[in-house]
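K.L.:
mind looking at a prediction? Sequence and model below.
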Amino acid sequence: MNYFPRAFSKLLLILLVLIPLKSSSQKKIGHVNSQALLDTMPEMQIAKSKIDSIGKAYNKQLQQLQQRYEIAYNEGDDDEAKRVELRLYTFKNAVDSEIEAKSEVLFKPIRDKVKKAIQDVAAEEGYDLILDNAYDAIVVYGSKKSDITEAVQKKLGL
């Protein structure tokens, strides 16, 4: 008589442990390569070329300052070399800051567009979770049938 309640409690415990495993195994998980998407987007290529042109424009000025520094240094004019070196350092930091700010302005809307397309495809196709396999550390394995990269490309019109 004492045996039945114990067996029943063990069975109940096993069921309570297995039920959550069964329901979590029904989650639909997919993966996408966000970097591949970004690389194929025409607006990304345009944004990259804009950033490159900003860098090239400032590159000439940086080279001129570098030459002035080398001339002052080679002539032994330490005061002029220090002034030019400080100006070079300040100018380079300003250029880096400007390029970083311009990059954020140009790239953020593109990244947001990709993010929204991924979210839309995930919602349309009933995914509970989407992993980004643009970096090897995030996804160790993903089957082709759970890869939504092509569906997101279609959503983006690529």
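P.N.:
Right, received. Where do you want to start?

K.L.:
buried residues in stretch 79-88?
P.N.:
Judged by neighbour count (16 or more other C-beta atoms under 10 Å), stretch 79-88 contains these buried residues: 81, 84-85, 88. In short, each C-beta sits where N, CA and C put it, glycine included.

K.L.:
how many neighbouring residues does residue 103 have?
P.N.:
When neighbours are counted by other C-beta atoms under 10 Å, residue 103 registers 15.

K.L.:
return the residues in contact with the residue nearest to it when sequence neighbours are not counted.
P.N.:
In space, and not counting its chain neighbours, residue 103 is closest to residue 51: 5.7 Å by C-beta to C-beta, 6 or more residues apart in numbering. Neighbouring residues of residue 51 by C-beta atoms under 8 Å, 6 or more residues apart in numbering: 99, 102-103, 106.

K.L.:
still on that earlier bit, is it possible to get CSV of the buried residues of stretch 79-88 that adds pLDDT and secondary structure?
P.N.:
Rendered in CSV, the data for the buried residues of stretch 79-88 read as follows (pLDDT from 0 to 100; DSSP: H, G, I helix; E, B strand; the rest coil):
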residue, pLDDT, secondary structure
81, 91, helix
84, 93, helix
85, 93, helix
88, 92, helix
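
K.L.:
dump those to a markdown table, plus distance to residue 148.
P.N.:
Listed next are the buried residues of stretch 79-88 as a markdown table, based on distance: C-beta to C-beta, whole Å:
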| residue | distance to residue 148 |
| --- | --- |
| 81 | 57 |
| 84 | 54 |
| 85 | 52 |
| 88 | 48 |
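
K.L.:
which member of these is positioned nearest residue 45?
P.N.:
Closest approach to residue 45 among those (C-beta to C-beta): residue 88, at 31.4 Å.

K.L.:
and the nearest residue to the closest one once chain neighbours are set aside, how far is that from residue 31?
P.N.:
Spatial nearest neighbour of residue 88, chain neighbours left out: residue 65 (4.4 Å); criterion: C-beta to C-beta, 6+ apart. The gap separating residue 65 from residue 31 is 47 Å, by C-beta to C-beta, to the nearest Å.

K.L.:
more neighbours: which of those two?
P.N.:
The residue with more neighbours, out of residue 65 and residue 31, is residue 31; 22 against 18, by other C-beta under 10 Å.
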